[in-house]
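Enquirer: only geometry, no sequence info:
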């Protein structure tokens, strides 16, 4: 009788082990593994603002001299080149064309003709665009931009497309409110758009099909704060507002809003970067205010979270990562902390 009980117990243990193995194998239970990294500070010798990694991973574009001089830093020679002779003041955002030949610069300069300018790297000239141009995104062909056009005096408010210099403007759809943000979805076939949320709730998310001009809802409830779409537009990461707990957590969704997954991480969209091939993303999470950010690598296919382990020197300032960038070979993360540039290389 005792032998039978022992065999029965062993059989039950083996069966439970098999079930757990199957759950792990099929991704029902997600593992939280750890990957060691090589952590380094890039010695640019000044504070770095609005960094942009070149497609060949050989250099970094940025604004230096307290954010007013446009520069290029070569990783191999450790030399810095000034790319524009004059100061660029009150920069609020920098939007690169996919081929890195042009930049849309948004500024908050008072008493200026416009808040939107075009910097062409070929002739290194800055051109003022229409003062009524608001939020902007680039098309994938580098030749066009899409933006909210809002003229309060003439009661005009719509999503428009135009050449990068603002010419040949065409209206896409009418918009009913101000301050929309935009993101490419579904391989540049659709544009997602949303408004800033309030302090007590999120907002909905809509999309427009550029071929049919049809508008449809992605999220009808007020769950959204901001989104960051994958480069190919197949998925997007967003801050999901949970009204009951009055907090935001990261969620990952397909471009149509399906297969929505709570990643159970609390951080802002500004602390996230997508891999260029859209296969994974990295999020910097402030677990505690007096500790370094924790970096998580999240695979899109199975939602697995991998912690990127790193160590810093004793006298190092606390790492609070922003402006995350992943290299085109998917091997290195660059980011800014306390206005200095760092890298994490995956080992």
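Expert: Nice, I can see it. Because the structure is a prediction, the values reported are computed rather than measured.
Enquirer: Nearest residue to residue 339 in space, ignoring adjacent ones along the chain?
Expert: Nearest-residue entry for residue 339: residue 47, 3.6 Å, with adjacent residues in sequence omitted and distances by Cβ to Cβ, 6 or more residues apart in numbering. No exception for glycine: its C-beta is placed from N, CA and C like everyone else's.
Enquirer: Dihedrals phi and psi, the spatially closest residue to residue 85 that is not a sequence neighbour?
Expert: Counting by Cβ to Cβ, 6+ apart, residue 124 is the residue found nearest to residue 85 once chain neighbours are left out, at 8.0 Å. When read as degrees, to the nearest 10, the backbone of residue 124 gives phi 50, psi 50.
Enquirer: okay, now residue 124: neighbour count?
Expert: Per other Cβ atoms under 10 Å, the neighbour tally for residue 124 reads 11.
Enquirer: Roughly how far does it sit from residue 82?
Expert: 10 Å (Cβ to Cβ, to the nearest Å).
Enquirer: and if you look at residue 216?
Expert: 47 Å.
Enquirer: same thing with residue 255?
Expert: Counting by Cβ to Cβ - residue 255 and residue 82 are separated by 40 Å.
Enquirer: So between those two, which is more surrounded?
Expert: Per other Cβ under 10 Å, whichever of residue 255 and residue 82 has more neighbours is residue 255, with 22 against 11.
Enquirer: For this protein, give me the ranges with low pLDDT.
Expert: 1-32 (pLDDT under 70).
Enquirer: Counting residues, which strand of it comes out longest?
Expert: Scanning the chain for the strand with the most residues, using DSSP state E, yields strand 215-229.
Enquirer: so what does that one touch, helix or strand wise?
Expert: The contact analysis (3 or more Cβ pairs under 8 Å, 6 or more residues apart in numbering; DSSP states H and E) places strand 215-229 against strand 181-185, strand 190-194, strand 203-209, strand 235-242, strand 272-274.
Enquirer: In the stretch 201-347 of the chain, what residue spans correspond to helices?
Expert: Here the stretch 201-347 of the chain has no helices by DSSP state H, counting those that start in this stretch.
Enquirer: dump the residue contacts of the residue nearest to residue 264 when sequence neighbours are not counted.
Expert: Using Cβ to Cβ, 6+ apart and skipping residues adjacent in sequence, the residue nearest residue 264 is residue 249, 6.2 Å away. If a contact means Cβ atoms under 8 Å, 6 or more residues apart in numbering, then residue 249 has 239, 240, 242, 262, 263, 264, 265, 266 as its contacts.
Enquirer: How about residue 249: which residues does it bridge to?
Expert: residue 240 (DSSP bridges).
Enquirer: do the one 4 residues further on as well
Expert: Each beta-bridge partner of residue 253 is listed here, defined by DSSP bridges: residue 236.
Enquirer: now the helices and strands packed on strand 215-229 in CSV, with distance to residue 128?
Expert: Compiled in CSV, the helices and strands packed on strand 215-229 are given as follows (distance: least, Cβ to Cβ, whole Å):
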stretch, distance to residue 128
strand 181-185, 21
strand 190-194, 25
strand 203-209, 28
strand 235-242, 32
strand 272-274, 31
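Enquirer: mind listing what residue 38 touches?
Expert: Residue 38 neighbours (Cβ under 8 Å, 6+ apart): 343, 344, 345, 347.
Enquirer: Surely the second one touches residue 39?
Expert: This means residue 344. Yes - using Cβ atoms under 8 Å, residue 344 is in contact with residue 39, at 5.7 Å.
Enquirer: between the two, what contacts are shared?
Expert: Joint contacts of residue 344 and residue 39 (Cβ under 8 Å, 6+ apart) are residue 310.
Enquirer: higher neighbour count, those two?
Expert: residue 344 (26 against 19).
Enquirer: what's the spacing between that one and residue 291?
Expert: 17 Å.
Enquirer: For the closest residue to residue 277 other than its chain neighbours, grab the count of nearby residues.
Expert: Distance criterion Cβ to Cβ, 6+ apart; nearest residue to residue 277, sequence neighbours excluded, is residue 330 at 6.5 Å. Residues within reach of residue 330, counting by other Cβ under 10 Å, total 13.
Enquirer: repeat for residue 315
Expert: Neighbour tally, residue 315, other Cβ under 10 Å: 5.
Enquirer: quick one on the thing from earlier: these two touch, right, the residue nearest to residue 277 and residue 275?
Expert: Yes - assessed by Cβ under 8 Å, residue 330 is found in contact with residue 275 at 5.1 Å.
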